[in-house]
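# sequence? don't have it. structure:
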């Protein structure tokens with residue numbers, strides 16, 4: 001909560017037809033009995049929720065004053081209910097204030113034959129060390145911080161809309177004929193549209209800050225060159241309000257002269273709550289002192305837009321909120337990130353522990369015949385030469401299980417200096433001389449010899465020629481051999497043909513059997529026929 005010192009000065013209008021104004025400060029407001037004289041009040045408070053407001057009504061003087069009385073009563077009731085809670089729901093509270101007061105003003109307007117009433121309202125809400133502003137119409141609020149005047153509200157009028165559009169210069173806004181034509185106000189009927197207040201102010205208060213609310217007569221009748229020095233002067237809140245009102249009277253301002261000033265004495269958490277009314281005489285006896293941070297005074301020139309300071313403060317507040325949000329997100333994300341990091345670290349640590357043996361092994365194993373230890377398992381090897389035997393034991397004296405050809409693939413199971421245990425593709429396991437194995441295929445790059453001739457023999461139908469000599473007709477030409485199937489029973493004697501070179505006929509003449517030739521091997525180009533000799537039986541004279 002914050003410790004505050006507040007002061008209000010509300011002067012009665014001197015001319016009829018000017019806006020009627022009323023003020024609400026720390027649970028009390030201006031009553032009808034106070035209209036005949038100046039309304040001056042001061043109070044100190046350290047309540048958790050502190051609410052001040054200033055209202056200005058356009059319309060018939062009597063009806064407007066009566067409408068403001070009902071508006072202040074409604075605000076007092078809503079505020080008293082809100083202050084009973086430890087935490088104020090700003091949205092619900094502000095919406096309730098606007099809705100209830102708008103309904104009250106509309107009802108009063110209907111009761112007075114539809115007399116138009118347009119009420120401007122600027123409300124200050126201090127909750128702890130946080131300040132919020134609810135604004136409708138053309139009453140104003142400013143923040144005095146370190147000697148700077150920072151506007152907190154913008155007029156909701158046609159003249160200010162023209163300034164925003166660039167059609168009217170900012171210095172001519174107060175003198176524009178439509179400066180009091182409100183675009184938003186309390187007292188709008190349903191056909192006029194909803195009341196849309198400004199609620200974007202959400203600012204952190206500092207020790208020594210001052211918030212000033214003032215009516216339309218002060219904002220429009222008193223130039224800023226006269227108003228700003230009084231706001232930044234090192235005086236008490238009561239002295240400041242009296243000086244501003246005096247300047248308005250000297251400057252011939254006839255109505256709408258209301259000033260409410262709240263000073264933040266401290267933003268520390270203090271026990272107790274409530275307000276402490278103070279008499280005017282007691283405040284007058286207090287020395288006019290101010291914090292050292294308020295000794296400087298800066299008046300914005302015509303080239304500087306007063307709204308720039310408000311935008312700067314809004315940006316600062318937005319940056320603070322963003323920083324707080326980032327800090328909260330960091331508090332949530334950091335434990336999650338640490339937890340996930342620990343899980344990943346433990347996972348990779350276990351993988352390193354269980355695979356440290358594999359990581360320490362060399363990537364490439366070189367097979368050396370001189371090495372007598374086992375080198376590799378289940379490694380594919382190639383045979384270097386033809387007719388390499390696989391033995392049942394690690395000895396050349398053992399029985400070969402099979403023979404391998406050059407380039408055959410085997411799987412290495414165990415390797416020693418002399419013999420290696422391998423398994424062939426057909427599933428035979430045995431021992432092979434280590435020197436006959438290689439990592440690479442020895443047949444890669446070798447060329448296949450081309451055939452010089454067709455190995456298939458060409459069959460011939462010519463019969464072999466018989467010899468004229470005493471030799472048997474068993475020879476034939478190399479390329480004309482007719483294979484004849486031989487069928488010689490075992491009980492028939494073989495006949496041997498004989499032929500005489502003379503005309504004398506030998507007593508032993510017999511028919512000659514046709515020679516039979518067996519089919520030759522087709523792997524050679526010169527088959528040799530085999531003729532069966534026939535025997536000549538003796539002839540008896």
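Happy to help now that I have it. Just so you know, these numbers come straight off a predicted model, no measurement behind them.
# Looks like residue 241 contacts residue 258 (just checking).
No: shown here, residue 241 and residue 258 do not form a contact pair, counting by CB atoms under 8 Å, at 9.4 Å. Backbone N, C-alpha and C define where each C-beta goes, glycine included.
# Give me the more crowded residue out of those two.
residue 258 (29 against 26; other CB atoms under 10 Å).
# The stretch 251-400 of the chain: helices as residue ranges?
Under the criterion DSSP state H, counting those that start in this stretch, the stretch 251-400 of the chain contains helices at 280-285, 306-354, 356-360.
# same deal with the chain?
Counting by DSSP state H, the chain has helices at residues 61-82, 90-111, 158-165, 216-221, 224-232, 237-250, 280-285, 306-354, 356-360.
# So which bits of the first one are buried?
For helix 61-82, the neighbour count (16 or more other CB atoms under 10 Å) marks 63-69, 71-72, 74-76, 78-79, 82 as buried.
# Can you tell me which of those residues is nearest residue 263?
Nearest to residue 263 among these, counting by CB to CB, is residue 79 at 20.2 Å.
# What are the structural domain limits within this protein?
Split into domains by automatic domain parsing, the chain comes to 3-304, 307-361, 379-438.
# Out of those domains, which is the most enclosed?
domain 3-304 (a mean of 18; mean count of other CB atoms under 10 Å).
# wait, doesn't residue 208 sit right on residue 264?
Yes: if you go by CB under 8 Å, residue 208 and residue 264 touch, sitting 6.6 Å apart.
# ok, residue 119 - contacts?
55-58, 64, 67-68, 71, 101, 105, 136-137, 185-187 (CB atoms under 8 Å, 6 or more residues apart in numbering).
# Can you tell me who it pairs with across the strands?
According to DSSP bridges, the residues that bridge with residue 119 are residue 57, residue 186.
# Which pLDDT does the model give it?
pLDDT, residue 119: 94.
# how much space is there between it and residue 185?
6 Å (CB to CB, to the nearest Å).
# got the phi/psi numbers for residue 355?
Backbone geometry at residue 355, expressed as degrees, to the nearest 10, gives phi -110, psi 20.
# residue contacts, residue 129?
Here residue 129 is in contact with 1, 2, 204, 205, 267 (CB under 8 Å, 6+ apart).
# Columns pLDDT and distance to residue 165 on top of the residues you listed, output as JSON lines?
Listed next are those as JSON lines, based on pLDDT from 0 to 100; distance: CB to CB, whole Å:
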{"residue": "1", "pLDDT": "69", "distance to residue 165": "42"}
{"residue": "2", "pLDDT": "81", "distance to residue 165": "39"}
{"residue": "204", "pLDDT": "89", "distance to residue 165": "33"}
{"residue": "205", "pLDDT": "89", "distance to residue 165": "34"}
{"residue": "267", "pLDDT": "84", "distance to residue 165": "39"}
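# which one of those residues is nearest residue 394?
For these, the closest approach to residue 394 (CB to CB) belongs to residue 204, at 91.1 Å.
# Isn't that closest one up against residue 130?
Yes: in this structure residue 204 lies within contact range of residue 130 using CB under 8 Å: 6.3 Å.
# Could you identify which of the domains of the chain has the lowest mean pLDDT?
Going by mean pLDDT, the lowest-scoring of those is domain 307-361, which has a mean of 78.
# beta partners of the residue nearest to residue 198 when sequence neighbours are not counted?
Once flanking residues are discounted, residue 198 sits nearest to residue 135: 4.5 Å by CB to CB, 6 or more residues apart in numbering. Taking DSSP bridges as the rule, residue 135 bridges to residue 122, residue 198.
# could you measure residue 156 against residue 235, distance?
Counting by CB to CB - residue 156 and residue 235 are separated by 31 Å.
# now residue 190
47 Å.
# Kindly check the end-to-end length of stretch 151-170 for me.
Stretch 151-170 stretches 14 Å from its first residue to its last (CA to CA, to the nearest Å).
# what residues does it touch?
122, 133, 135-143, 173, 176-185, 198, 201, 211, 219, 305-307, 309-310.
# Could you find the closest non-adjacent residue to residue 209?
Spatial nearest neighbour of residue 209, chain neighbours left out: residue 264 (4.5 Å); criterion: CB to CB, 6+ apart.
# residues in contact with the one you found?
Residue 264 makes contact with 2, 3, 4, 126, 205, 206, 207, 208, 209, 210, 211, according to CB under 8 Å, 6+ apart.
# at 10 Å instead, please
By CB atoms under 10 Å, 6 or more residues apart in numbering, residue 264 lies in contact with 2-5, 126, 129, 131, 145, 205-211, 291.
# quick one: which of the residues you listed is nearest residue 329?
Nearest to residue 329 among the contacts of residue 264, with distances taken as CB to CB, is residue 129, at 23.2 Å.
# In space, what's closest to residue 15 - neighbours in sequence excluded?
residue 254 (4.3 Å).
# For that neighbour, give its distance to residue 58.
To residue 58, residue 254 is 15 Å away according to CB to CB.
# same deal with residue 440?
Residue 440 is 105 Å from residue 58, where distance means CB to CB.
# Residue 42 now?
Taken as CB to CB, the span from residue 42 to residue 58 is 29 Å.
# ok, back up a step: the contacts of residue 264 in strands, which ones?
3, 4, 5, 126, 131, 145, 210, 211 (DSSP state E).
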